[in-house]
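Engineer: Quick one, fold the following:
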Amino acid sequence: MSGLTVERMGVDSPAVTALLQRHFDLMRASSPEESCHVMQPDALLERDAALFAAREGAAVLGVGAIAVIGPEHGELKSMHTAAEARGRGVARHVLLALLAHARDIGLTRVSLETGTAEMFAPARTLYAAHGFTECPPFGAYREDPLSVFMTRTL
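Structural biologist: Take a look at the predicted model:
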């Protein structure tokens, strides 16, 4: 994908905030509240999450974040590709940047929670292709028929 760059950014970018809000709105509309673990954009900063964005020119096409949740353990949060950019490898580029950042800060494990619905199938496939396997709930998560938990070592 020529012209695509992935860089660490903040929610002070209106384009990043807008894409994170689209993600939040979609997740809230797609899952019951008790099974929806999406974070408001500003809450990512409160958790000291590192936020990365994929850009093509001025357009933000994808976002993702990683938060440290324990000694040497990180959690992927708010992975989202703009609908108009799906199928172009954007999420893969963001994921690779997040995993590289995790290694750089000394994490040895990265985990995530995603949904079981068909709309989450491409995400589950992406994560599996990059070494994530299903695992029990981690951190404060609990078993939920609408959630899939995945993890991988680095």
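Engineer: measure Glu113 to Gly57 for me?
Structural biologist: When CB to CB, to the nearest Å is the yardstick, Glu113 and Gly57 sit 32 Å from each other. Every residue, glycine included, has its C-beta placed from N, CA and C.
Engineer: ditto for Ala102
Structural biologist: Distance of Ala102 to Gly57, computed by CB to CB: 27 Å.
Engineer: Of Glu113 and Gly57, give the one with the bigger neighbour count.
Structural biologist: Comparing Glu113 with Gly57 by neighbour count (other CB atoms under 10 Å), the higher total belongs to Glu113, at 19 against 9.
Engineer: I figured Gly62 hits Ala54, correct?
Structural biologist: Yes. Counting by CB atoms under 8 Å, Gly62 touches Ala54, with 3.9 Å between them.
Engineer: Now the common contact residues for these two.
Structural biologist: Where contact means CB atoms under 8 Å, 6 or more residues apart in numbering, the residues bridging Gly62 and Ala54 through contact with each are 81, 90, 93-94.
Engineer: mind listing which of the residues you listed are in strands?
Structural biologist: Using DSSP state E, the members of the shared contacts of Gly62 and Ala54 that fall in strands are Thr81.
Engineer: So what's the model's average confidence on stretch 3-21?
Structural biologist: The predicted model gives stretch 3-21 an average pLDDT of 82.
Engineer: swap in stretch 109-116?
Structural biologist: Here the mean pLDDT over stretch 109-116 is 94, rounded to a whole number.
Engineer: buried set for it?
Structural biologist: By neighbour count with 16 or more other CB atoms under 10 Å, stretch 109-116 contains the buried residues 109-115.
Engineer: go on, stretch 127-142?
Structural biologist: In terms of neighbour count (16+ other CB under 10 Å), stretch 127-142 has its buried residues at 127, 132, 138.
Engineer: Which single one of the residues you listed is nearest to Arg152?
Structural biologist: Minimum distance to Arg152 across the buried residues of stretch 127-142 is 4.6 Å, recorded for Phe132 (CB to CB).
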